[in-house]
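Novice: From the sequence below, what's the structure:
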Amino acid sequence: MNLNKYFTPIFLAIPVTWAGSFIAAKYVVQSIDPLESVFFRFFFSALVMLPFLLIFKRGNHPNFLQPIFLKHLFIVILTAGIGYHIFFFAALQYTSPTNTALIIAMNPFFTAIAEKYINKESRLKRFYIGFFMSFAGAILVIISRGSNGFAMPGKGELFCLIASLFWSAYTILSKYTKEEKWDSYWIGAYNYLFTALLIIPFSLNVLSFDYWQNISMVAWSGIWYMAIFPTAIGYTLYYVGIQKKGPAWAAAFIYLVPSMTANLDLIFFGADFTLYMILGTTIVVAGLFIGNLSQKQFRRVKNYFTI
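Specialist: Here you go, the predicted model:
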């Protein structure tokens, strides 16, 4: 089977699993602090990935004697492993899954802006229109608090923004520091393993069997969901997508996550959505589409809706 032919439909599994991760993470942080949440997510992701790779992809194991490979792995661990995830879990302690997803979904714009300055690429006017639409829509949702009226952005939203910037740094730097011969699956698995190991000295609770016993079944369910679906499957696919199609192409799929997360937030947490919040979410998704679609894709969409 030619997987390249079906790569885009397969890649659509990423926003589906990632939307679920915002819900699962919200349950996890209710009983586990952010640092320990990162440990459990990545420790169990490594347990899922490494046996599979040892059986099916042993011949593609990377060479740890290459300093340039270690540099690349360090960048991935620092940005996608530690940086992004600590602020991701911290944000969900203070704000909703919908708000978190909306702000993190802004990273395709941060990624594209960074690429513009790195590669000196010009951007179409609609890219900037889409950016400001998404930014305005996100602010509208963030300050809307359901039946409680309006409130200014807080600590949770700030953590979301920092997480989004870390994700953009990962998307860019992993592209420009990776060599073609390095296997993306092994890099993903070692990211999970070493991220978990690096966290242990800063959170010794994770070594206590009594601590594990006190974690609720709901939190364990969330941990295993994140370990298998958005992490072992989703992040690995995303990493492969960066290498095959480029950072901007891969990052653009994130614009599907906010609307999916908002619906799951309503189902699982009974989120109190107002007209302003619905309008803001719609504006964010529309802005992401307008700003990130290629010229060819944009013409297709435009012709589809033109009578």
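Novice: list the contacts for K26?
Specialist: Shown in contact with K26 (CB atoms under 8 Å, 6 or more residues apart in numbering): L92, S96, P97, F268, F269. C-beta here means a position set from N, CA and C on the backbone, and glycine is covered the same way.
Novice: Please produce a ChimeraX select command covering the buried subset of those residues.
Specialist: Only the buried entries of those go into this ChimeraX selection, using 16 or more other CB atoms under 10 Å:
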select :92,96,97
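Novice: Of the contacts of K26, which pair is most distant in space?
Specialist: Of all pairs drawn from those, the widest gap by CB to CB lies between L92 and F268 and measures 12.8 Å.
Novice: quick one on the thing from earlier: looking at the contacts of K26, which are in helices?
Specialist: L92, P97, F268, F269 (DSSP state H).
Novice: correct me, but the third one touches A24?
Specialist: Yep, that's F268 we're talking about. No - look at F268 against A24 with CB atoms under 8 Å: they stay out of range, at 9.4 Å.
Novice: hmm, back to that, mind putting the contacts of K26 in TSV, distance to I242 and pLDDT included?
Specialist: As requested, the contacts of K26 are arranged in TSV below (distance: CB to CB, whole Å; pLDDT from 0 to 100):
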residue	distance to I242	pLDDT
L92	25	95
S96	29	88
P97	25	91
F268	30	90
F269	32	88
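Novice: What residues sit buried inside stretch 128-140?
Specialist: Neighbour counts using 16+ other CB under 10 Å place G130, F131, M133, S134, F135, G137, A138, I139, L140 of stretch 128-140 among the buried residues.
Novice: what sits up against the helix or strand hosting the last one?
Specialist: Right, the one you point to is L140. Taking DSSP states H and E as the definition, one finds L140 inside helix 125-143. Helix 125-143 is contacted from outside by 95, 98-99, 102-103, 105-106, 109, 112, 150-153, 157, 276-277, 279-292, 298, using CB under 8 Å, 6+ apart.
Novice: any idea which helix or strand comes after it?
Specialist: Moving toward the C-terminus from helix 125-143, the next helix or strand (DSSP H and E) is helix 155-177.
Novice: Please write out the alpha-carbon positions of whatever helix or strand comes next after that next one in PDB.
Specialist: The helix or strand immediately downstream of helix 155-177 is helix 184-199, counting by DSSP H and E. Extracted C-alpha coordinates of helix 184-199, given in PDB (Å, rounded to 0.1, in the frame of the first residue of the first chain):
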ATOM      1  CA  SER A 184      11.200   9.800  13.300                       C
ATOM      2  CA  TYR A 185       9.600   7.100  15.300                       C
ATOM      3  CA  TRP A 186      12.800   6.400  17.300                       C
ATOM      4  CA  ILE A 187      13.300  10.100  18.000                       C
ATOM      5  CA  GLY A 188       9.700  10.300  19.200                       C
ATOM      6  CA  ALA A 189      10.100   7.400  21.500                       C
ATOM      7  CA  TYR A 190      13.400   8.700  23.000                       C
ATOM      8  CA  ASN A 191      11.800  12.100  23.500                       C
ATOM      9  CA  TYR A 192       9.100  10.400  25.600                       C
ATOM     10  CA  LEU A 193      11.600   8.300  27.600                       C
ATOM     11  CA  PHE A 194      14.200  11.000  28.300                       C
ATOM     12  CA  THR A 195      11.600  13.700  29.100                       C
ATOM     13  CA  ALA A 196      10.200  11.300  31.700                       C
ATOM     14  CA  LEU A 197      13.600  10.500  33.200                       C
ATOM     15  CA  LEU A 198      14.700  14.200  33.300                       C
ATOM     16  CA  ILE A 199      11.600  15.000  35.400                       C
END
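Novice: okay, the angle between helix 184-199 and helix 155-177?
Specialist: Interaxial angle, helix 184-199 versus helix 155-177 (axes from the mean of the first three to the mean of the last three CA atoms, to 10 degrees): 130 degrees.
Novice: Give the buried residues for helix 184-199.
Specialist: 184-196, 198-199.
Novice: Quick check: the farthest pair among these?
Specialist: S184 and I199 (22.9 Å).
Novice: Span of stretch 220-231 from start to end?
Specialist: Stretch 220-231 has an end-to-end distance of 15 Å (CA to CA, to the nearest Å).
Novice: neighbouring contacts of it?
Specialist: By CB under 8 Å, 6+ apart, stretch 220-231 touches 14, 17-18, 20-21, 23-25, 27-28, 37, 40-45, 47-48, 192, 215.
Novice: Thank you kindly, that will do.
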